[in-house]
Each structure stands twice: as structure tokens, then as C-alpha cells.
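Visitor: what shape does this take:
(chains A, B and C)
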Amino acid sequence: MANPLIAGKMFVIDQSRCIGCEACVQACEECGTHRGQSLIHLEFIDRGATTQTAPMVCMHCEDPTCAEVCPADAIKQNEDGVVQSALKPRCIGCSNCVLACPFGVPKYFALPDQMMKCDMCYDRSSVGLKPMCASVCPSQALWFGTPEEFDATRRGELVFEFRFGNQLVPTKLATVVDHRDDGPIDVLAEAPKRWQDDPFGLEEDAP
Amino acid sequence: MTVAVRSRSTVDRRAAGFGVAAVVVLLVLVYLGSGGLRWFDAALAGYLIGVLMAVFAVVYRYLVWLQRPPTARLNRRGWEAFRRKGRVGHNAVGLAGLVATNLLAQGFIRHRSAARWAAHQLVFWGCLLAAAVTFPLTFGWVHFESVGQEASQYQAYLFGVGTGTFSATSALGFVIFHLLNISAFLVIAGVLVFLYRRTRDPGALAVERSGDFVALAGLFAVSITGLFLTASTLWLQGRYYSFLTNLHALTVILGLLYIPFGKLFHIFQRPANLGVHFYRDEGASGPQQRCRECDRPYASAIQVADLEDVLPMVGFDFRDGAGGNWQEVCPSCRRKLVTAAQVARVGGFG
Amino acid sequence: MAKPPLTEEELIARYGPHLNETPPGGWNAGVEADREVNTHCCFCGQQCGIRLKVKDNEVVGFEPWYEFPFNEGKLCPKGVKRYLQGGHPDRLLEPLERDGAAPGGFRTVSWDHALDRVVAEIRRIQRTHGNDSFAMLSGVSLTNEKSYLVGKFARLGLQTANLDYNGRLCMVSAGVANKKALGMDRAANPWSDIPLADVVFVAGANVAECAPITTSYIWRARDRGAKLIVADPRVTPLARTADLFLGLRPGTDSALMTTILHVLVANDWLDHGFIDDHTVGFDEAAAAVADCTPEWGSGITGVPADRIVEAARLWGTSATGILLHARGIEHHTKGVENVLSCINLGLATGKYGKPGCGVSTITGQGNGQGGREQGHKCDQLPGNRDITNPEHRAAVAEVWGCDVEEIPGKGLSAEEIVEAIHAGEVKGLLSICFNPVVSLPDTAFTAEALDRLEFYGVIDFFLSESAQHADVVLPGSLHEEDEGTSTSVEGRAIKINAAIDPPGNARRDWEILLEIARRLGRGSYFEFGSTHEIFDEMRAASRGGTADYYGMTWERIEAEHGIFWPCPTEGHPGTPRLYEGGVFAHPDGKARFHSVRYRPPAEVVDDEYPIWLTTGRVVSQYLSGTQTRRIGPLVEQYPEPLCEIHPRLATRLGVETGDIVRVTSRRGSMTLPARVVESIRPDTVFIPYHWPGRQAANQLTNRALDPMSKIPESKVSAVRVEKAEGHVEVADRRVTTLEKLGRR
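Guide: Numbering: from 1, shown residues only, chains lettered A, B, ... in the order given. A predicted model of the protein is given here:
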């Protein structure tokens, strides 16, 4: 497992708590390392069916796919495991990283002709300050703190691995599950039935 | 830890061979261009050695870089796209345009910040000017001779062929003799703007890599020591001149040696961006990859296919048991499916 | 005749809303901010702490204020972008006077001219038609100091009884119910009680969008294992995560709550000790719900009976529990009864006055809590005092140094003032911080009323849609341009610090009011040199009232990160949790049960108007949007109202997402794009209300008032929905927004 800590703290994302308010999107562009550009992603999964939204920050893979497919050596990982935005002089704007990242994180910006991605607000996180998104997140779906704080205040268990078909991707960021023993987050797994599928009990009484 | 550049324990013989060949070619050109070393200035030999070492290292590193699977694939695709039947003429014109707007005018930087663009232009043109003056001088390709009895009249010789004459006291003469000073001022101005921005911006500082400051410091050192030489001549009656000459030579040679290993290597990498333009055009004119979840096109089919080829070469396998590949899901649906998968693992929330 | 001088389009072209996209000075301006000012967000009752970055008298950005205990740095998108209301091209910098011949419809005039005109019109109208023919409407985005000043200004400066405020469109139903049942109008709990609850019951509150930070408090409870019940006609983002969702029909809240009380009684899930010792009226209340069986309740509310029983079980059998409610149950002709039916549930199970227990309203507006206490409500005087109570009047008269008779009696409420204007009884109006054309139900009626005014003066920083009707507009101050206090949703008084001075010739609101009072010859009552002096008089005026601020000082408020009222004496720690030990604020210390019987909304669906309409908010907009519709990144988030329709109804209408639909009520009709979603009841449509003119949901809503709280019934009306011409792309705006890369 990758070391989850940066300046003694860790970043946990619990998408299920996301309320879709976009505070993170608005705050992201206020970050010092990428002022004026929002690098976090937030979108409805399927607004017709649910209000569930999908927030996505960089998961900071142990072995970042984006860096491996970069033809220009432009994506670097710091000693602490944080995967940085493309180096500006090197990035040649090919978008390999945008397309290859299993989480869909990097963004290609047409005018400067380069990729930028979430760097966990490195100016903040590297000195133990919460990244902008985790600072403002009203539901704390995006969370930054010490492992002790997490254990003391949050329920659920942490998972640092995702499965995309044959590929297991270990990440520096954690997400939350009820039971860690059920293994990595498998993006192709079948979803169970839940009350949200029929919130008004319409199926119960035959139409 | 640097992920992309893995240290390789073995020497790449092929790349080394090309590096040596490049050095030999340059030596031959120096010999021929300097009239069999007749016009070669021995005082500049140190610089020549520095250049030769830099040439070897640049070629070596460039070739090693080109062998990385994604780089090799892009390199090939870029040239294929450029040479595509019936498009060569169109592409050649496009290339000229791209060189002008992209490599020379560097408009893409302006979209990040006007100040950054201005600084980069200053450094870029300063370096280019300095290189255009010093490299031919070092190689003995250009030299000056005084004309007649008047010490103030000079003639410039290119490959031993005499060109125009000029007076050292004329405006033209002033400019020619001070070309390097002009370039030094351009570079220093650019470097100062860069430094000013960096040191006052905590955000930029945080993601600063040590190489960034080394490159700026190197450019500054080369330029300022060059100006010292002029200052010594003009105002100090040549005092400290030989020391300053050695100091300047040292900074220049160290700078040359730094190019292949540091941030300045982007000078040689950046032109790959032109290949990306052709690759992108080719992709846009061909079939588009549709997302297997939402059926919306999200990339060129050729690039997705290339990635599916390249990913296993760099150690990734995103195929699933059913014959699908995660790469064929668009980035937006990837994010949604990651969330859906996490939500399914949480009972109370979600 | 206060008609807008030009067409809406022409006025918008000149005065906006235009969109501010980037910080003053560009994105790099914040790098070298001169200073950071600890203050609060202005965009809802939670009043989150925020640090504003200031450079050259402009607010250029923000930093999270991690140390402020309520939100610990958290902010919603409005809070993040609140700073973009400064340095805005639409900002009013000079006094304006209506002039149809001038470009833009208004001409710039001097302060002297503008103030003289205002004063002359006040005098003329009051001389001709009586003092009460000149009314004032105010708003609770104002600080406590300014709210207090407005209350005093209207009563002693204008000498009119007709002062009311936009809090009338907020939580007044809760205020009335809390006073009736508990003796005091304040949320029963500090928010720190929420995480201590074993069950959290959210009724008619879209917490995720309207009080986003409260979400984290609810999560903290759930992290401890608490159950979450949500009652709402829509599966709001919070409801989506509920353990139990009660998707009730709009306007049936009291039926749901009385049914739950019925089930509590039937199963004896009651706290008899608490009922006996601390309450009166239980037997009558229980008798009133005797027939409210789950089957009956299910029939009225449309919620499956077993879910109602389960809600009662969770609420009745949990040792601790918090019930949070908001506009969803309060904006009704029976808003007070809805709240009383919730309070009954808290009293019946003893969930008051101890950690993790309470029934609390989530006040919506910035200073919705403080504003109403300081006496700029038609029936109240400072300290939450009653304007009809002789003792209360005497207490305030003493502080004000006036005869008791000088204080006018109870005036008309906000909607009633507009109706009186429409009827020609009120001829002149001064408004501050209120945009009735957008906020009040029945837009056409409100606009018509404003048109009939003989004189309309407005104090505001932007030319709101209501100000477009004005004869004189006085440029006032933004939240960050003045110093004072406000009182948050929790009843916590907090310090608002000025970050900058008003730009151009704009003036601080209180300075404007003082100047008008002086010119009216009433300056002797208004000799304040600063808002600090106003605060000192205010706390003295509140002394002995229920909302007692007497023990507070600005210094303490700032040092202690806020003080909860009542704080009756200097050194008093404040009162975070009310009713400790079951001691309520009625003279006998006991709470009152109220017998609530369900009655239908003022308007019900029929063959002609067969669909329920409910209105509400979106997270990126605040109130009538005067401020937030001028902030580019917020507008981008949700650019125009969409009509939420369930797929079943949509299929019947032949409508898909993006199709334009026409929604018609007895008051008016509007067209807007549909968004087909399973998150709303099939018999109900939803439209957010923040927009003006043809995009105003309030064109459709009903002016019917709750007889006690005078709150209009904006949460339920009957409409017809038809497919109209046209289609626009609305699918997943968030994606389009985010993929529009390189925009800055």
C-alpha cells in the first residue's frame, strides 16, 4: 500500500456523502497552484434517476498510469507520492494522460495546450493545511486529516485499492466502505437494489 | 522518486553510438567550416569541448527518450500523420505556421499569463541570439578581420568568405560587437521576471522543482559573467579580465552540460508538440471512439487504440474478462462508475 | 406612479445583472493581499466564518477560517464566491432619480438632492394621507445594529406603524409556533446538539442546498450511528441518503406529524414523566389525533403507512432526537400548525432541554434570527418584545427616550403592505434590502402594486428588480463594507467585520437612515456616531426581553466566536441550549401542546389545475438573486429555472428533459425547460424561485396567508402543465460547465 500520509495527514473521499453543491468546484480554482482553473470533477451520475453526484479528485496512484503513458516525461510524482500537474515546459498536450487515467482525472486545456490535474493543492497539503476542496466541502465527502481523527469521528473502513477489470490500482487516497474485507472497489461490480430505486413506493402499489 | 524516468543500469549502446556519431559529424563540420582550423580560435577550445559533450549527451538522452513506448508511438504517429498521402503539402505549410506561432511566438504560454509569456520570450530570444553569435565563432565558422590600415574598419567572414565591412564606431558596429551584451540583457530581464513571479507566489513555489531554480540561476550566471567581461573592458581597463574570462567559460560549459539533464531539455522535447498537432488532426478526421457506457464519442479511435497497445508495454492491463477494456469507457463515465461502485459498498449513506 | 422607466431589457443592459467572473485585479491579485479579515458569509442564516482577502480596498479572495467553530472552514459555493459581489460593474455608486429621458432611465443626482426628494415625498404623503400611508419594508441581510436602527427609524423617524421585513418570507411560522408552544422564538439547540442525536428527523428542509454546512452536523450524528428520517416531496441530496424517506404530498405536513403523534400515543412511545412535569395540553392534543391512523395519514400524505409507523418508532424509541424543519413546512397557510405539530412530537417524547434533543427551525436568511429580534417586524420591538404589550412598549420607550404614545402600534405584515399599496391605502414606500417583486408570491400583483405607489425610495447596492420601480435609489453598503453583529441560525450572535469602505459615493446604510431622520427633524433620536454606539443602545433595549443581548459586547462576541442569547448580564456565558431541565419560557415554565387538525392548503388540485406546484431554492442562488445572479460562477452552476417533473407525469405529457413546458396557475403562466427526474413525486412539479420577470416561479404562487404568521403559501399551489414549443439542452449542466475548459 502506498503511504497515505502527507505532512502527517491523509485525504479520504467518500462519494456517497456528496451533496453535489459544487463548493469544491468553486473553491478549487482559488487554490494557489492553479488559480483560475478548477481541476476537480463533479457531475451527476444520472440526474434523471438520482441526485447522486460523482466528485473526483486525483487519487494519486502508487504507480500513476498518467505518468507512464506520458510521452514527454511531463508528469512527476513527489517523494510523498503526490502526482503533480504536467510540467509546463514539457507537456506537449497530447492528452494521453487524460484518456488513460482510470479515474478520469487529468484535464486538457486547449488554449495553453497542456494538461493540468489535481495536485491536492500542494501548496496547502504539503504543509499540513487542508486542500481547498476538503476545506470547504460541506458534507465532508472530501476529507483531510490525521488517521486518528478519522478513526475517532468517522464510521466505515478505508480502502486504498481499485479494480478496473484485470488491473488493480493502489492509490494514496482512500475511499470508504462498510467492510474492507470485501476487497478493493470493483468498478465493474453489480450494484445491489436499494430503496432509492423506488423512493416513493410507486412499484409497491401497482399503477 | 521520478516515475517516468527510471534509472537504467545499462548503457544504451545504440543511443551512445548515435551520440558519438553526432560528435564526429560536428567535429568534421568544424574542421571544414573553419578552413582546416585556420580560423578556429584556440582560446575558445574549452567552449568547443563543452559543446561536444553537450551534443553527445543531448543526442543520447533524446534517443533514449524516443524509445519509451508512448514516446515512440507518438513519434511514429506524428510522422505518419505528417506524411499522409495527399496531405504532405498541406502539412508542410501547416508546419511552417506551427513553427512560427508555437515554437517561436509561443502563443500558448500567453494563455497562461502574459507576464510569463513575455519573460519566456525574452529568455528564448536572448538565448537564440547568443547561440547564433557564439556557436559559429566557437566553431570558427565566423571570424572578423580588420580592413586596411584603419583599426576601426572590420570585415566579417562566414566560412572564410568575406561579407560586408563595417566601422567599429558605427551604429552597426556597435550592435555587432554588443550582440552578446544585448542577449545578456534580454535573458537577465526574463530571468528576473520569472524569479519575481516565483518568489512572490507561494502556489508556484510549492510545486517548484529544484531544477527550475537551477536553470534560472544558470542562465543568470552565464549572462552576468558575460556582462562582467564587457564591464572590465569598458570601465576597468581590462582588470580581472582573464579571471572573468575563465569564470564566464566555466558557467557556459556547466550550462551546456546541464542542458541534457535538466529543465532546459524541453528545448528538444517541445517540438514533439508539433507532431501532436498532426496526430490530433489525423485523429479528428478519422473514426471516433464511442464510450461503451454512454455511447458518446470522447476521443479519436486511433489514440485509444494506441493507448490500448502502449499500456501493456508500460505494465497496465485494463481489460476485463468479457472482452472489454476500461479504456473504452469515457473519462466522465469512469468517474461516475467509480462513484457508483463506492456507493454500492456503503450501506448507510449513498 | 412608480413604474419602471424603461423596459426590463433596457434596464438590464444598463444595471445588470451582469456577471462578475474573476476577482478584482485578476486571479493573481489575492497572492499579495494586504490583509485578511475575519468575518462571515452573508448568504444564509448559518453565517459561516470566512476570512476575506483584501487588497487596495477591494475584496479579492478568501481563505477558509478553520478556527471558527460553527463551520471550521467549510463553505458552500455561495460562500466561496461571495467575494465576487464586490468590485462589481453593476454596483450603484451614486444616488439615482428616475428620469425616462436619461439613458438607462435614471439620472445621477447629488446626495443632497436625493435625500431632499425622499424627505419631501415622505412629508407630502404623510401630510395628505396620514403617517401610516408611508410604509417601510426591510430585510434581514442587515446586521443586528441596522435591523434595530430600521425598527427605530420607522417608528420614530417615519412615525409609521407599517414596517415589516422579508423575514416574513422566512421562518415566521416557526417563530409564532415556538412562542406559542415554548414561549420563545429561537432554535432550541446549538448545532453541536445535532451530532449527539440518535435520530435526526428533517422535515421540509432541503439541507444540502439551503443550509449545506448543516449536512456535516447530520453526518456526524450518523457517524455515531444515528438514523436519518427525511420528509420531503423531493428526494433531495440529503433525502437520498436517508434511512427512512417520507415522500409526502405538498401541503400535508401536519397530516404526517399528527399521524406520527397518533402512532406514538397508540404504542405508548411517550415520555409521560416529561409530559406530566413540563407540559400542558397533552390530553387535548392526543384526542385531536385519535382518528389520525396510519391509513388515514397515508391517504392524505401519499406516504406508505408502514413508513409513517417506522418514523414514529424511530422517533419514539430513540433516547435522543433532533427534528429540523425549514421553509418546506413553514411556507403554508397552516405553517404555524405544521410547526406546532412538530413541536408536539418533541414534547410528547421529552426531546427538549437536554443534549441531542430538540425541535429547531433552520432559519434561512443571513440575519433571519437576529433581524426579527431587534424589532423591525411589524409586531415586535427590540428584545423580541411585543409591540402591543404595554409593559414592553414602556421598556423600549424608556431606552428610546420617547413617550410610549410615540411608538406606533402593530402594523401590516409584508404581504399585507403590498396589498394595501395595491388597494391604494399605502401611497409611499421606502425599502432596504428587500426585493418583493421576486420574493413575494404572485409577481404580477406585486409589480402592479409597486406601479401604483406615489413615491418609492430604495436603499440598495444593486438595482434590484424592485428598485427598477423606484423614484429615488440611494446607494447603500455591502455586507463587507460595514461593521456590526448578526445572529446565526443557532441564536449565536457573531461579529461582522468591515473589510473595505463603500466605493464611490455609496454610503453605509445606517448613515443614510440617520441622514433621512435628521432631515425629517427627528435627528435627536438618532445621534449615533458608529454602529458600535447603535449596538450599545440595542443591547440596552433588549434588556429584559426574551432575546436579551444586554451582557454581550463586541469584544466578547469576537473573542468567544459568538455568544448565544439570552445573555442577560455582563459575564453571562450565553445560552447555547434552551429549555435545560425542561424549563420553558412561559411564565409557568411549562410548554404547551397544541391540538392540531389537518386542513388542506388554500388551493388544492382540481380538474383544471391538476398538478401540485412547490417552489424552493438551489444551492448556488440566494433569495431573490439580487447578489447571486450577478456572480458568474454561481450563475453558471444553475443558469435558469428548470421544472422538475417525474417520468410518469412527463410521459403523460409527452415531455422529455429539455423540452419547454408551460406551467399555468390561477395567477399566471410561465414557460421553462423541463428536467425529468425520478426524485420528485409524480403528482408534483418543482420550480426554484430566484429569478425575476418571465422566469419567476412566483408568477404562479398563491398569496394566501397563514392567519397567525402572515406567511404566504409559496410551497403549494395548483397548476396545469403542458408541453410547449421548443427544446433546450439542459442535460447535466454540470458536465457542460466543467468541460468548458480554458475559460479563464
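Visitor: next up, the contacts around residue 138.
Guide: You didn't pick a chain, so chain A it is. Contact analysis of A:Pro138 by Cβ atoms under 8 Å, 6 or more residues apart in numbering or on different chains lists A:Ile19, A:Cys21, A:Ala23, C:Lys74, C:Leu75, C:Cys76, C:Ala208, C:Pro212, C:Ile213, C:Thr215, C:Ser216. Yep, even glycine has a C-beta here, placed from its N, CA and C like the rest.
Visitor: actually it's chain C I care about, not the one you picked
Guide: C:Ser138 sits next to C:147, C:150, C:154, C:163-166, C:371, C:376, C:431-434 when contact means Cβ under 8 Å, 6+ apart.
Visitor: point me to the residue of chain A nearest chain B.
Guide: A:Gly32 (2.5 Å; Cβ to the nearest Cβ).
Visitor: look up how far chain A lies from the residue in the stretch 151-300 of chain B that chain C sits nearest to.
Guide: Chain C sits closest to B:Asp201 of the stretch 151-300 of chain B, with a gap of 5.4 Å, by Cβ to the nearest Cβ. Relative to chain A, B:Asp201 is positioned 7 Å away (Cβ to the nearest Cβ, to the nearest Å).
Visitor: so that residue sits against C:Trp27, correct?
Guide: No. Judged on Cβ atoms under 8 Å, B:Asp201 makes no contact with C:Trp27 at a distance of 11.0 Å.
Visitor: so which elements touch the lengthiest strand in chain A?
Guide: Counting residues, the longest strand found in chain A (DSSP state E) is strand A:167-177. Packing partners of strand A:167-177 (3 or more Cβ pairs under 8 Å, 6 or more residues apart in numbering or on different chains; DSSP states H and E): strand A:10-13, strand A:157-164, helix B:331-344.
Visitor: show me where chain A has its helices.
Guide: A:23-28, A:65-68, A:96-100, A:122-125, A:132-136, A:147-153 (DSSP state H).
Visitor: next, format these as JSON lines and append mean pLDDT.
Guide: Formatted as JSON lines, the helices of chain A follow (pLDDT from 0 to 100):
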{"stretch": "helix A:23-28", "mean pLDDT": "96"}
{"stretch": "helix A:65-68", "mean pLDDT": "97"}
{"stretch": "helix A:96-100", "mean pLDDT": "97"}
{"stretch": "helix A:122-125", "mean pLDDT": "94"}
{"stretch": "helix A:132-136", "mean pLDDT": "98"}
{"stretch": "helix A:147-153", "mean pLDDT": "95"}
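Visitor: tabulate these in TSV, adding columns for distance to B:Leu216 and mean neighbour count.
Guide: TSV is the format used below for these (distance: least, Cβ to Cβ, whole Å; neighbours: other Cβ atoms under 10 Å in any protein chain shown):
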stretch	distance to B:Leu216	mean neighbour count
helix A:23-28	29	27
helix A:65-68	25	26
helix A:96-100	27	26
helix A:122-125	20	23
helix A:132-136	28	29
helix A:147-153	39	13
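Visitor: what I need now is these written out in CSV, including distance to C:Ile500 for each item.
Guide: CSV is the format used below for the helices of chain A (distance: least, Cβ to Cβ, whole Å):
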stretch, distance to C:Ile500
helix A:23-28, 22
helix A:65-68, 42
helix A:96-100, 41
helix A:122-125, 26
helix A:132-136, 23
helix A:147-153, 36
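Visitor: so which of these comes closest to C:Gly574?
Guide: Across those, C:Gly574 has its closest neighbour in helix A:147-153 (25.7 Å, Cβ to Cβ).
Visitor: what is the burial count for the residue of the stretch 101-250 of chain C found nearest chain B?
Guide: Distance from chain B to each residue of the stretch 101-250 of chain C (Cβ to the nearest Cβ) is smallest for C:Thr241, at 4.7 Å. Per other Cβ atoms under 10 Å in any protein chain shown, the neighbour tally for C:Thr241 reads 29.
Visitor: starting at the chain centroid, how far to the longest helix along chain C?
Guide: What stands out as the longest helix in chain C, according to DSSP H, is helix C:111-129. Put simply, helix C:111-129 sits 31 Å off its chain's centre (Cα atoms, centre = their mean, to the nearest Å).
Visitor: quick one: low-confidence parts of chain B?
Guide: B:1-9, B:150, B:348-350 (pLDDT under 70).
Visitor: tell me the domain boundaries of it?
Guide: Using automatic domain parsing, the domains assigned to chain B come out as B:13-275, B:287-344.
Visitor: right, so of the ones you listed, which gets closest to A:Phe162?
Guide: Of these, nearest to A:Phe162 by Cβ to Cβ is domain B:287-344, at 7.0 Å.
Visitor: so for the closest one, first residue to last residue, what's the gap.
Guide: 35 Å (Cα to Cα, to the nearest Å).
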